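**Q** model this:
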Amino acid sequence: MQAQRQLEEDYQRFQSEQPRGLSAQDRDAVRALAAHIPDLWEAETTTAADRKAIVRQLIDRVVVAVQEDSEYVDVTIHWVGGMTSAHELIRPVGRYEQMRDYEELLGCIRELREQGRSARQIAEQLNREGWRPPRRRATFNAAMIRKLISRSVIGAHASGSTEASAQLASGEWWFGALARRLDLPPATLYSWLRRGWVQGRQLPGACGRWIMWADDDELGRLRRLRARSRSWSEDPPSEDLTTPKTRPRT
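**A** Next comes the predicted model:
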């Protein structure tokens, strides 16, 4: 009898020390409070220490991996509760040559030069398309473009528009032209090219330009991929959005 009473007391003590399960009302209250987290984060009265406390409650760990020596960084966030989300960020680098899309940048400048654009106009176009120079500079200017043209010998033997157009087969686009058609930042289009989500071929040479292929069907797929929401809570794009169709043989 004494042993039984001792076991019952131990069990009751154990039960009292366990976390209380959430009721339906408790869950509703937690969801309501969670909906206010963005407002709390943006509030003027919220301090840096408060934001750190919020992050510690939401995030378990963050894994960061630099893509080779480029400005692109893969970030994987492991949220409390088991969910993960993948993101791609851009870090500042010190040299143009470190930029993953450096060759594409030169190709875009070359294409604009062939159209007769001035250095100032090229800088403005690059800024509109989302290109960013190294060394924490926010935008390009005419002096930077002239320096790039000089160091890369861009435009020294620029071909005329008729000759350039003759290199394009049916359904082919110059890299910059396709990016503009899709209203897509060139850096994003290059990321798709690297992942095999869009087809292209590179002309020979140290700074060979990229020629992309997208017929009407492919343009429709790429527009759907472009329009897809990229919020952190969604799964990766489906295969039907990321798999190019087989290019017909010519």
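**Q** which helices and strands does the host helix or strand of residue 57 pack with?
**A** Taking DSSP states H and E as the definition, residue 57 sits inside helix 48-58. In terms of contacts (3 or more CB pairs under 8 Å, 6 or more residues apart in numbering; DSSP states H and E), helix 48-58 is packed against helix 37-42. No exception for glycine: its C-beta is placed from N, CA and C like everyone else's.
**Q** got a list of contacts for the helix it packs on?
**A** 46, 50, 51, 54, 58 (CB atoms under 8 Å, 6 or more residues apart in numbering).
**Q** repeat that for stretch 69-87.
**A** With contact meaning CB under 8 Å, 6+ apart, stretch 69-87 is reached by 57-67, 88-93, 98-100, 134, 191, 232-233, 236.
**Q** mark which of the residues you listed are buried, thanks.
**A** The neighbour count (16 or more other CB atoms under 10 Å) marks 93, 99, 100, 191 as buried among the contacts of stretch 69-87.
**Q** tell me the one of the residues you listed nearest residue 145?
**A** Distances from residue 145 to the buried ones among the contacts of stretch 69-87, taken as CB to CB, are shortest for residue 99 (14.9 Å).
**Q** was I right about the closest one contacting residue 106?
**A** No: Residue 99 lies out of contact with residue 106 (CB atoms under 8 Å); the separation is 10.2 Å.
**Q** tell me where the chain has strands.
**A** Assigned strands in the chain, in chain order: 59-66, 72-79, 84-90, 172-174, 199-202, 210-213 (criterion: DSSP state E).
**Q** the fifth one packs against which elements?
**A** In terms of contacts (3+ CB pairs under 8 Å, 6+ apart), strand 199-202 is packed against strand 210-213.
**Q** note down every partner strand of the strand it packs on and its orientation.
**A** strand 172-174 (antiparallel), strand 199-202 (antiparallel) (DSSP bridges).
**Q** and the contacts of the shortest one?
**A** Counting by CB under 8 Å, 6+ apart, strand 172-174 makes contact with 107, 111, 164, 168, 181, 209, 210, 211, 212, 213, 214, all of which sit outside it.
**Q** quick one: average pLDDT of it?
**A** Throughout strand 172-174, pLDDT has a mean value of 89.
**Q** the longest one too?
**A** Per-region confidence: strand 199-202 scores 89 on mean pLDDT.
**Q** list the buried residues in it.
**A** So strand 199-202, judged by 16+ other CB under 10 Å, has buried residues 199, 200.
**Q** give me the contact list for that strand.
**A** 175, 193, 208, 209, 210, 211, 212, 213, 214, 218, 244, 247.
**Q** show me the residues around the closest residue to the first one other than its chain neighbours that make contact.
**A** Spelled out, that is residue 175. Closest residue to residue 175 apart from its sequence neighbours, by CB to CB, 6 or more residues apart in numbering: residue 210 at 4.1 Å. Residue 210 is in contact with 103, 104, 107, 174, 175, 193, 200, 201, 202, 203, counting by CB under 8 Å, 6+ apart.
**Q** again, but for residue 46
**A** Residue 46 neighbours (CB under 8 Å, 6+ apart): residue 40.
**Q** average pLDDT for stretch 21-37?
**A** Summarised as a single mean, pLDDT over stretch 21-37 is 84.
**Q** cool, and stretch 143-157?
**A** Rounded mean pLDDT across stretch 143-157 is 71.
**Q** grab the nearest non-local neighbour of residue 92.
**A** Nearest residue to residue 92 in three dimensions, chain neighbours excluded: residue 136, at 4.5 Å (CB to CB, 6+ apart).
**Q** just give the number of residues close to that neighbour.
**A** A count of nearby residues for residue 136, using other CB atoms under 10 Å, gives 10.
**Q** need the pLDDT of it.
**A** 82.
**Q** quick one: it and residue 32, what's the gap?
**A** According to CB to CB, to the nearest Å, residue 136 stands 41 Å off from residue 32.
**Q** thinking again about what came up before, can I get the strands of the chain in CSV with distance to residue 142?
**A** Shown next, in CSV, are those (distance: least, CB to CB, whole Å):
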stretch, distance to residue 142
strand 59-66, 31
strand 72-79, 27
strand 84-90, 23
strand 172-174, 23
strand 199-202, 28
strand 210-213, 25
